[in-house]
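**Q** task: produce atomic coordinates for the following.
(chains A and B)
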Amino acid sequence: MKASELFYPTLREVPSEAEIISHQLLLRAGFIRRTTAGVYSYLPLGYRVIRKIMQIVREEMDRAGGQEVLMPIIQPKELWEKSGRWEVYGDEMFRLIDRHNRGFSLAPTHEELITTLVDADVHSYRDLPLLIYQMQNKYRDEVRPRFGLMRGREFIMKDLYSFDIDENGLDISYHKMYDAYKRIYERLNLKFRVVEADSGAIGGNESHEFMVLADNGESEIAYCENCNYAANVEKAETILLEQDKEDLLELTKIHTPGERTIQDIVDNFNIPAFKQIKTLMYMADEEVVAVILRGDRELNEIKLKNFLACQDLYMADENTVRANCGASFGSLGPVGLNLKVYADTEVTAMYNFACGANVDDYHYINVNVGRDFVPEKILDLRNVVKGDICPECGELLDIIRGIEVGHIFKLGTKYSESMEATFLDASGQAKPFVMGCYGIGISRTMAAAIEQNYDENGIIWPLPIAPYQVIIVPVNVKNAELLKAALSLYEELNQAGIEAIIDDRDERAGVKFKDADLIGIPIRITLGPKSWQEKQVEMKKRWEKDVEFINRDEVLAKVKAIIY
RNA sequence: CGGGGCGUGGCGCAGUUUGGUAGCGCGUCUGAUUUGGGAUCAGAAGGUCGCAAGUUCGAAUCCUGUCGCCCCGACCA
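**A** Take a look at the predicted model:
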């Protein structure tokens, strides 16, 4: 491709809408343009990257036995009513109405449709297993789209759905996908980690997320260097260390006027946070419940929600709190509380701690579990932190950040049951398909690749997904001999199947270098007047600082050596 | 949905408090001089100031409404 003909409008300044690096660079380098909130056009360079990612994903899906299909994005309301998700999805789902006043969704995912589709034509266990996938736009009316491609309202996803006879079959399909996903991220040349995940609203039990590691990733990953344990902090567990027992002191109520936070009590009563208890009030559907944690811990709402198996979970407002406890936020505690109290496991290892007294401006000290109150249930409810104990091996956990680019679930029969999708097994019995679902955010992967690979000059594309592999820069196109030499080199690379750009624009060298760095082409070949007299060119790898002078005739071989 | 902010040429912004000929930098076009890390000089094009309805002799500026966008939070692949 000739740069003079390529549509890649680069920007010198950072558009004000872009907050994170991938968004800024994608805009500046002319890869994408915003159409409306959370919706983007992919320009030629951006779309090339998308296609490369798709191609790698496609090859690995096919290798694992997947079959690609294309399904509608516009889907009838009835489909979603059948599974119950017309309600469940709420405002997250784009909805539209046709001229006959019929309701439709812009599909956020395709479980309903694929299940219906397979059910219509697959009737026998002999036709299973079946692995069907699609790559296309999906829609989610995010409350707040942000971070460019990272959290769009329209995004490109690959989703594969597996249909099996039973749990054993699902295990096999699941592990095929697990392996395929690892291959994909290895081939994309991204640093990633596979983590145990909460399966969330989609349902099912086993679930893994594939995280591209990046310092400003949205997800936190707890991992163990020692044993490979890795889990999303939403899911990560830890082990309770045995504590020395203490003699139980007498429960005492103290006056704490104006003290509302854990930190207040730390500051003014010299009671460390780990000797206090934090009491949180939640509305679980219609029921008010209390949750207690060590004072310096954070509640993991997902763990709580999963345990309570409720539809809605949110923090109770002040009126509710006062009505149920007789005091406001700063003075809550489990003692004498007439509500179900769910206690984090760690609380059982605490003695003589402080907490609110359910009377404004009063706290208890020397509170003890069992003697002063009895929790409804003791369970793991907190977020793990750096330094917690690995649940697998007992070493210490660390926390790193990542971007979720892939997620695999075992769905079981959740959708096949609600959609009444069955096959006949060997004994002639109708059975629901046992399903799995396996997603990769294609457009998000593009953004994640940048978050992991950039410098102050721009993007540094991993070779497998770079829009072009080589950029040839004749320093001065008015120098006819130089331009001719550059063009001949360009032809040679093209013939050899190397994807190259030649920057034949009549621009100053500095401009060309800046643009080449910005768009992140991995290999730059520069032809300058001086070295060309020796028939030499300059080769620079985008991810390295120094340049190498090589003979013109070596270029193809050297480039191939880097690429393959 | 709660809180905060912004809509002025392609991009980044000033001008709005106190109404009076719409500005700056970058980019774009023309010419000259330049030519290895976003050149210099000279000239030029390009804006219904988000939209609508008001107040006024006069509105980017004041009032009302409306749309869009951004940030923080709750939510999420």
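
**Q** quick one: the helices in the stretch 251-400 of chain A, in order.
**A** Here the stretch 251-400 of chain A has its helices, by DSSP state H, counting those that start in this stretch, at A:262-269, A:301-308, A:318-325.

**Q** export the first one as PDB, just CAs?
**A** Put plainly, it is helix A:262-269. The C-alpha trace of helix A:262-269 is given here as PDB (Å, rounded to 0.1, in the frame of the first residue of the first chain):
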ATOM      1  CA  ILE A 262     -13.900   3.000  60.900                       C
ATOM      2  CA  GLN A 263     -11.100   5.500  60.500                       C
ATOM      3  CA  ASP A 264     -12.700   7.800  63.000                       C
ATOM      4  CA  ILE A 265     -12.500   5.100  65.600                       C
ATOM      5  CA  VAL A 266      -9.000   4.300  64.600                       C
ATOM      6  CA  ASP A 267      -8.000   8.000  65.000                       C
ATOM      7  CA  ASN A 268      -9.800   8.900  68.200                       C
ATOM      8  CA  PHE A 269     -10.100   5.700  70.200                       C
END
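
**Q** in that helix, what counts as buried?
**A** For helix A:262-269, a neighbour-count test (16 or more other C-beta atoms under 10 Å) marks A:262, A:265, A:266 as buried. (C-beta placed from N, C-alpha, C; glycine too.)

**Q** for the first one, give me its contacts.
**A** Translated: residue A:262. Shown in contact with residue A:262 (C-beta atoms under 8 Å, 6 or more residues apart in numbering): A:273, A:276, A:278, A:295, A:296.

**Q** do the last one as well
**A** When contacts are counted by C-beta under 8 Å, 6+ apart, residue A:266 is found next to A:272, A:273, A:276.

**Q** want to throw the buried residues of helix A:262-269 into TSV with pLDDT?
**A** Output for the buried residues of helix A:262-269, formatted as TSV (pLDDT from 0 to 100):
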residue	pLDDT
A:262	83
A:265	83
A:266	85
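
**Q** contacts with RNA strand B among those, please.
**A** When contact is defined as C-beta under 7 Å from any atom of the strand, the buried residues of helix A:262-269 do not meet RNA strand B at all.

**Q** considering the contacts of residue A:266, which possesses the most neighbours?
**A** Highest neighbour count within those: residue A:276, with 26 neighbours (other C-beta atoms under 10 Å).

**Q** tell me the pLDDT at that one?
**A** Predicted confidence (pLDDT) for residue A:276: 89.

**Q** in contact with the residue nearest to it when sequence neighbours are not counted, which residues?
**A** Leaving out its chain neighbours, the residue that sits closest to residue A:276 by C-beta to C-beta, 6 or more residues apart in numbering is residue A:295, at 3.4 Å. Residue A:295 is in contact with A:262, A:265, A:272, A:273, A:274, A:275, A:276, A:277, A:278, A:353, counting by C-beta under 8 Å, 6+ apart.

**Q** quick check: closest non-adjacent residue to the first one.
**A** Spelled out, that is residue A:262. Excluding the flanking residues, the one nearest residue A:262 by C-beta to C-beta, 6+ apart is residue A:295, at 4.4 Å.

**Q** what's the pLDDT at the one you found?
**A** With respect to pLDDT, residue A:295 has a value of 86.

**Q** how near is it to RNA strand B?
**A** Note on residue A:295: its distance to RNA strand B, by C-beta to the nearest atom of the strand, to the nearest Å, is 19 Å.

**Q** pretty sure residue A:350 is touching residue A:245, no?
**A** No - taking contacts as C-beta atoms under 8 Å, residue A:350 lies outside contact range of residue A:245: 10.9 Å.

**Q** more neighbours: which of the two?
**A** Set residue A:350 next to residue A:245 and count neighbours by other C-beta under 10 Å: residue A:350 wins out with 21 against 8.

**Q** and the pLDDT at residue A:202?
**A** 49.

**Q** what's in contact with stretch A:73-91?
**A** Stretch A:73-91 is contacted from outside by A:93, A:95-96, A:102-108, A:111-113, A:116, A:136-139, A:141, A:143, A:201, A:415, A:418-420, using C-beta under 8 Å, 6+ apart.
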